[in-house]
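Asker: sequence and predicted structure, then a few things I'm wondering about:
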Amino acid sequence: MIDSRNLKRHPRNRFETETRLLDAAEKVFAEHGYDGATVRDVAAEAQANTSLINRYFGGKDGLLVGITKRFVEAKRYTELPYPLQPTLSDEIYHYLHHRLLEDRAHEAMVRLMVSRVSIDDDYRQKARAMMASGADENFRLRAKQHQQLGSAPQDMNVDMLFSAIAYFSFSVNFFGAIIEGRSTEEIDAQFSEFSHRMGAARR
C-alpha cells in the first residue's frame, strides 16, 4: 500500500494511485452497480486507503466523474486504429464501426453512464460539459485531411457533421447493440446506409 504521507514528495505516486482507484471504481461499479458499490469496496479493490478517495475525488460521486472523464477523453484523443479512408462516406462508416466495437467492449461503462445521467442531475450536467466541445480530435483531423484531398467540401461544418454522427452512433449502439442485442452485422448495415447518405449530402 502506498504511504499517503509521501505523496507530496512524490507527485507521480498520486497519479498512479488515482489511476488505480479509477480502475478499481470502474470494476466495482460494473459488478455491483453504482448504488450497490461503496468506497470501501473500491479502496479494497485498489489496495489503497479509503481516505484517499475523499482526498483525491471527494467521494464516490467524484470517482464516477473521474472515470467518465477518462472514458470521454480516451474517445476524443486516442488515435484511430485504421488508415484514412478514400471517401468521406467510408470515413464515417469506419468511425461508426470503430465506436461500436468500443462501446461493446465497455458496455458496463456505457450502461453506468446512461443510468446515472437519467436520475442524477448533477452528474448529467458534468457529463454534458465533458461532451460539449464539438468533434473529437481524431475525427476533426480526418475531416481536414479529406478537405485537403478534395474528398470533402472546404466549407463543410465538421462540428455539425460530427454531432449528427455522434447522436446516431449513441442511439444505434446503446439501443440496438446493448439493449436489443442486435448483431454487429445488422448494425453495420445501418451504418453503411447512414454513411452513404451523409457523405453524399456533402459532395
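Answerer: Looks like it came in fine. Model, not experiment: these values are computed from the prediction.
Asker: would you agree Phe191 is in contact with Tyr93?
Answerer: Yes: using Cβ atoms under 8 Å, Phe191 makes contact with Tyr93 at a distance of 5.4 Å. Bear in mind the C-beta positions are built from the backbone N, C-alpha and C, glycine included.
Asker: domains for the chain, by residue range?
Answerer: 1-58, 60-200 (automatic domain parsing).
Asker: and the longest one, how far apart are its ends?
Answerer: Right, the one you point to is domain 60-200. Domain 60-200 has an end-to-end distance of 46 Å (criterion: Cα to Cα, to the nearest Å).
Asker: next one: stretch 171-186
Answerer: For stretch 171-186, the separation between the terminal residues is 14 Å (Cα to Cα).
Asker: ok, residues contacting it?
Answerer: 96, 99-101, 103-104, 107, 110-111, 114, 187, 190-191 (Cβ atoms under 8 Å, 6 or more residues apart in numbering).
Asker: what's the answer for stretch 114-134, then?
Answerer: By Cβ under 8 Å, 6+ apart, stretch 114-134 touches 34, 61, 64-65, 68-69, 72, 76, 113, 140, 158-159, 162-163, 174.
Asker: and these, which are buried?
Answerer: For the contacts of stretch 114-134, a burial check counting by 16 or more other Cβ atoms under 10 Å picks out Tyr34, Leu64, Val65, Thr68, Val72, Arg76, Met113, Val158, Phe162, Phe174.
Asker: just the buried residues of stretch 135-142, please?
Answerer: Across stretch 135-142, burial judged by 16+ other Cβ under 10 Å covers Ala135, Asp136, Asn138, Phe139, Arg142.
Asker: restricting to C-alpha, output that stretch in CSV.
Answerer: Output of stretch 135-142 as CSV, limited to C-alpha atoms (Å, rounded to 0.1, in the frame of the first residue of the first chain):
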residue,chain,number,x,y,z
ALA,A,135,-15.9,17.0,-32.8
ASP,A,136,-13.3,14.8,-31.2
GLU,A,137,-9.7,15.5,-32.4
ASN,A,138,-9.5,12.2,-34.2
PHE,A,139,-12.5,12.9,-36.5
ARG,A,140,-11.6,16.5,-36.9
LEU,A,141,-8.1,15.6,-38.2
ARG,A,142,-9.6,13.1,-40.7
